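> what follows is a predicted structure for the sequence shown.
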Amino acid sequence: MAVLPLRRDRCHLRRRHLRPLRRLWPQLTGSKPAVFLRCCAFAACWLVLVLFVVRHPGEAADAAGALVHALAVLADAVALITTAL
């Protein structure tokens, strides 16, 4: 049984069956107006969140507390399920 020589260059490890990322990138990001609208929507969501916290800090604290409590209950449920299995 012969031992095959180890190739030092790693160009043979490329996945040649996949298209290069630079050709696939426009399909992932979409058209320029769609990307612009997505960025505007992201900024608008943060602006609404900040304005809500500034104008109603008590309600924002209650909402954050409720969210943390819900995540804690979810974590407890996952822990119970994993210990049961």
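Received it, and whenever you're ready, just let me know what you need. Numbering: from 1, shown residues only.

> flag every buried residue along the lengthiest helix in the chain.
Ranked by number of residues, the top helix in the chain under DSSP state H is helix 57-84. The neighbour-count check on helix 57-84 (16 or more other CB atoms under 10 Å) flags nothing as buried. For glycine as for every other residue, the C-beta is placed from the backbone atoms N, C-alpha and C.

> got any ranges where this protein has weak pLDDT?
Within the chain, the set of residues satisfying pLDDT under 70 comprises 1-31.

> quick revisit: what helices and strands are in contact with the longest helix of the chain?
Helix 57-84 is packed against helix 32-55, with contacts defined by 3 or more CB pairs under 8 Å, 6 or more residues apart in numbering; DSSP states H and E.

> who are the packing partners of the helix it packs on?
Against helix 32-55 (3+ CB pairs under 8 Å, 6+ apart) you get helix 57-84.

> how does it look with 10 Å?
For helix 32-55, the elements it packs on are helix 21-29, helix 57-84, judged by 3 or more CB pairs under 10 Å, 6 or more residues apart in numbering; DSSP states H and E.

> and those helices as CSV, adding distance to Val48?
Shown next, in CSV, are those (distance: least, CB to CB, whole Å):
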stretch, distance to Val48
helix 21-29, 25
helix 57-84, 12
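
> and of these, who's closest to Val35?
Closest approach to Val35 among the helices and strands packed on helix 32-55 is made by helix 21-29 (5.6 Å; CB to CB).

> out of the helices and strands packed on helix 32-55, which is closest to Leu49?
Nearest of these (CB to CB): helix 57-84, 8.6 Å.

> ok and the closest one relative to helix 32-55, angle-wise?
Interaxial angle, helix 57-84 versus helix 32-55 (axes from the mean of the first three to the mean of the last three CA atoms, to 10 degrees): 110 degrees.

> so Val53 sits against Ala60, correct?
Yes - the criterion here is CB atoms under 10 Å, and Val53 meets it with Ala60 at 4.4 Å.

> which neighbours do those two have in common?
Contact with both Val53 and Ala60 is made by no residue, according to CB atoms under 10 Å, 6 or more residues apart in numbering.
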